[in-house]
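Chemist: Have a look at this prediction, sequence included:
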Amino acid sequence: MGTASKLIILERDGVINRGGHQFIKNPNGWKPMPGSLEAIARLVQADYRIVVATNQSAVGRSLLDMHTLNAIHGKMHKMVAEAAGRIDAIFYCPHTMEMDCSCRKPKTGMLESISMRFKVNLKGVPIVGDALPDLESAASIGAQPVLVLTGKGEKTLSRGGLPEGTLVYRDLAAFVSTLI
């Protein structure tokens with residue numbers, strides 16, 4: 001597979017775009033984090049495939065419909081492309097915590113789906129997030145948990161209890177600079 005095994009998984013809210021504290025309800029609410037689009041472009045230039053894995057319980061709570069979620073993701077794809085980047089796939093869990101599904105992080109169902117779709121063992125694959133569920137799902141599947149201090153990241157770090165071996169960076173751009 002060659003470069004096909006170079007994969008990175010990113011949380012959306014608080015990593016790629018501002019947010020993480022409240023739901024993004026429409027495309028106008030989607031605003032990129034400073035440096036994140038350029039960081040994704042650098043990953044693409046280094047032959048990484050970029051996958052977004054995000055809990056989107058606003059769908060399950062009927063605060064957001066699929067059309068609007070697709071429009072938000074459309075804007076993200078467009079802005080990433082304008083920065084010479086690319087997102088290869090977006091995986092999301094639409095369920096609420098109460099639904100007790102297998103895909104909502106910190107469970108690993110979403111990551112298992114990514115592994116199957118891309119035919120890649122996720123052992124050691126960087127999974128970048130700003131909240132404990134992102135890091136816990138990464139650790140559970142043997143991937144490399146990476147905490148960025150954007151979004152909920154500062155609060156996540158101050159609470160402690162990070163999975164063993166979690167790497168911590170200021171933001172996505174800082175992590176990408178050390179990765180490439």
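Modeler: Received it, and whenever you're ready, just let me know what you need. Keep in mind that what you see is a predicted model, and the values were worked out from it rather than measured.
Chemist: In this protein, mark out all the strands, start to finish.
Modeler: Along the chain, counting by DSSP state E, strands occupy 7-10, 49-55, 89-93, 126-129, 144-148, 167-169.
Chemist: Of the ones you listed, give the one that comes closest to residue 23.
Modeler: strand 49-55 (11.0 Å; C-beta to C-beta). C-betas here are computed from N, CA, C, even on glycine.
Chemist: Now tell me what touches the helix or strand bottoming out on mean pLDDT in the chain from outside.
Modeler: When each helix and strand of the chain is scored by mean pLDDT, DSSP states H and E, helix 57-60 comes last, with a mean of 91. Residues from elsewhere that reach helix 57-60, judged by C-beta atoms under 8 Å, 6 or more residues apart in numbering: 23, 25, 64-66, 69, 92-97, 99, 104.
Chemist: pretty sure residue 153 is touching residue 130, no?
Modeler: Yes. Between residue 153 and residue 130 there is a contact under C-beta atoms under 8 Å: 4.1 Å.
Chemist: okay, and the common contacts of those two?
Modeler: 14, 147.
Chemist: What residues sit buried inside stretch 29-36?
Modeler: Buried positions in stretch 29-36, judged by neighbour count with 16 or more other C-beta atoms under 10 Å: 30, 32, 33, 35, 36.
Chemist: got the end-to-end distance for that stretch?
Modeler: 16 Å (C-alpha to C-alpha, to the nearest Å).
Chemist: Since that was my last question, I'll sign off now.
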